[in-house]
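The sequence and its predicted three-dimensional model are supplied below.
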Amino acid sequence: MKIAALVLCCILPVISAQLRVGFYSQSCPLAEAIVQRVVLNRFRTDRSITAALLRMHFHDCFVQGCDASLLIDSTPTKSSEKDTEPNFSVRGYDLIDEIKKNLEAACPSIVSCADVVALATRDSVALAGGPRYSLPTGRRDGLVSDAEEVDLPGPDLSVQEALPFFTAKGMNLNDMVTLLGAHTIGITHCSFIQDRLFDFDGTKKPDPSMDPALVTQLSRTCQAPGGSSDPQVFLDQNASFVVDNQFYSQVIKKRGILPIDVNLGTDRSSAPIVARFASNGNLFNQNFVNALIKLANVEVLVGSAGEIRKNCRVFNPKSSIPKPGPPKTPPPKKSPPRKAPSPPPKKSSGKKPRTPPKKPGGN
Ligand code: HEM
């Protein structure tokens, strides 16, 4: 049994997809150390970064695969994934920028933004008390980020309604229940639970399935509908910054916050999994590692697909594709200066000469 678990936990994911552990060991040996250092620095001043990264990773991987398409900024002509409602409160982009800046300084154009997100998430989970694990890398960055493509499950869905989103990505019920364990950290805006606190199913009363002490506590922070601000409350009221199995115990104690989390504890298919994780932290850790690796494998681009972005927020300009042609810095004598063979200077003004300079700048 133990050996089977080991195979599942540690060996299977390493050989799955075309990713591999230590992908950058030759091309950028310090890559993983650089990511880890920047994440650690941030975590020291902001423990909420783990939650930010976990959610970013999920929202990236579930739309077009783990290809960093979520990181792309919109342009005046094209709305990207991040400018859609489910992604408005995704945060942590600045940390990814910082990591990427450090990586570009050490080994330009080698480490993908998709791997940065996956590695940073992995490291931040360990810092928050969660399991440590080896992560296969070698993802490449996508060339498309389209607001229209964003279709993520909402918090009011039932377990049975949410499950198809996961099966569509090659995951099963156990994976979904496990990954929702990420709600062991982080926050939700009150707007997602207004009904539960103030007007459940049109009764003008709180949700009877919520622990009354929790109703009182949350109602103090969250305002009745109509308030202008949208405060936040922790998704796991117990150890709100620690990645552990406490989320499941809270669900069982009627202290789940989001409707989907509550349903995990009441749905006939997911309730036994919730009970097992609540009573066995090691089992949850082991499953969490497997599910996170599975998540990080979703529809990845490998080989020569996609690109390695230099700036995670924008696609590489087409001109950055290396092309034969004169380098920017003057070459040694061997190659004569590009303009040397040109016609006399007087003819090089005006419109015509503008055409040749396009080549070095490239397309
Ligand atoms: C059916 C699936 C899921 C639904 C409906 C869901 C829904 C939500 C909602 C509504 C929030 C609150 C967002 C806000 O108010 O800003 C949230 C937060 C969060 N979710 Fe999920 N989620 C799901 C699955 C996941 C998965 C698979 C992960 C990670 C593996 C995840 C990680 C998180 C984290 C860490 C937060 C806290 C974010 C923060 O503190 O900024 N969620 N989720």
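That came through, no problem. Numbering: from 1, shown residues only.

ok, the residue positioned nearest the centre of the chain to the ligand distance?
For the chain, His57 is the residue whose C-alpha lies nearest the centre (Cα atoms, centre = their mean; 1.5 Å). Remark: distance between His57 and the ligand (Cβ to the nearest ligand atom, to the nearest Å) = 7 Å. C-beta coordinates here come from the backbone N, C-alpha and C atoms, glycine included.

how about the nearest residue to that residue, chain neighbours excluded?
Thr121 (4.4 Å; Cβ to Cβ, 6 or more residues apart in numbering).

Enumerate every residue touching that neighbour.
53-54, 56-57, 292, 296 (Cβ atoms under 8 Å, 6 or more residues apart in numbering).

returning to that earlier point: the residue nearest to the centre of the chain in helix, strand or coil?
Following DSSP: H, G, I helix; E, B strand; the rest coil, we place His57 in the helix state.

what pLDDT does it get?
Note for His57: predicted pLDDT of 98.

Kindly report the same for Gly325.
45.

tell me the contacts of the closest residue to the ligand within the stretch 151-300 of the chain?
Relative to the ligand, the nearest point of the stretch 151-300 of the chain is Gly186 (2.4 Å; Cβ to the nearest ligand atom). Contacts for Gly186 (Cβ under 8 Å, 6+ apart) come out as 48, 50-52, 54-55, 234-235, 240.

Could you rerun that using 7 Å?
48, 51, 55, 235 (Cβ atoms under 7 Å, 6 or more residues apart in numbering).

Count the neighbours of the closest residue to the last one other than its chain neighbours for me.
Right, the one you point to is Leu235. Distances taken as Cβ to Cβ, 6+ apart place His183 nearest to Leu235, at 4.3 Å, with adjacent residues excluded. Residue crowding around His183 was assessed by other Cβ atoms under 10 Å; the count is 26.

next one: Pro206
For Pro206, the neighbour count with other Cβ under 10 Å is 20.

does it sit in a helix, a strand or a coil?
Look at Pro206: counting by three-state DSSP, its state is coil.

Touching, it and Phe200? I think so.
Yes: if you go by Cβ atoms under 7 Å, Pro206 and Phe200 touch, sitting 5.9 Å apart.

Give me the pLDDT for the residue of the stretch 151-300 of the chain closest to the ligand.
Note for Gly186: predicted pLDDT of 97.

and if you look at Pro212?
Model confidence at Pro212 (pLDDT) stands at 98.

I'd like the distance between it and Leu218.
Per Cβ to Cβ, to the nearest Å, Pro212 is found 11 Å from Leu218.

same deal with Phe198?
Phe198 is 10 Å from Leu218, by Cβ to Cβ.

okay, among the contacts of Thr121, which ones form the most distant pair?
Among the contacts of Thr121, the pair separated by the greatest distance (Cβ to Cβ) is Met56 and Leu292, at 13.1 Å.

Tell me both backbone torsions, phi and psi, for the residue nearest to Ser89 when sequence neighbours are not counted.
Spatial nearest neighbour of Ser89, excluding adjacent residues (Cβ to Cβ, 6+ apart): His189 at 6.6 Å. Here is the backbone geometry of His189 (degrees, to the nearest 10): phi -80, psi 150.

Compute the distance between Gln18 and the ligand, please.
From Gln18 across to the ligand, the span is 23 Å (Cβ to the nearest ligand atom).

Could you tell me how far that residue is located from Asp60?
Look at Gln18 and Asp60: by Cβ to Cβ, they are 19 Å apart.

go on, Gly226?
For Gly226, the distance to Asp60 equals 34 Å [Cβ to Cβ].

For these two, indicate the residue with more neighbours.
In this view Gly226 and Asp60 are compared by other Cβ under 10 Å, and Asp60 has more residues nearby, 30 against 7.

That one contacts Val117, correct?
Yes: between Asp60 and Val117 there is a contact at 6.0 Å, judged by Cβ under 7 Å.

Now do the shared contacts for those two.
With Cβ under 7 Å, 6+ apart, Asp60 and Val117 have common neighbours Ala68.

lowest-confidence helix or strand of this protein?
helix 358-361 (a mean of 28; mean pLDDT, DSSP states H and E).

if I pick the nearest residue to Pro155 once chain neighbours are set aside, what's in contact with it?
Spatial nearest neighbour of Pro155, chain neighbours left out: Leu258 (4.3 Å); criterion: Cβ to Cβ, 6+ apart. Listed by Cβ under 7 Å, 6+ apart, the contact partners of Leu258 are 155, 188, 192-193, 235.
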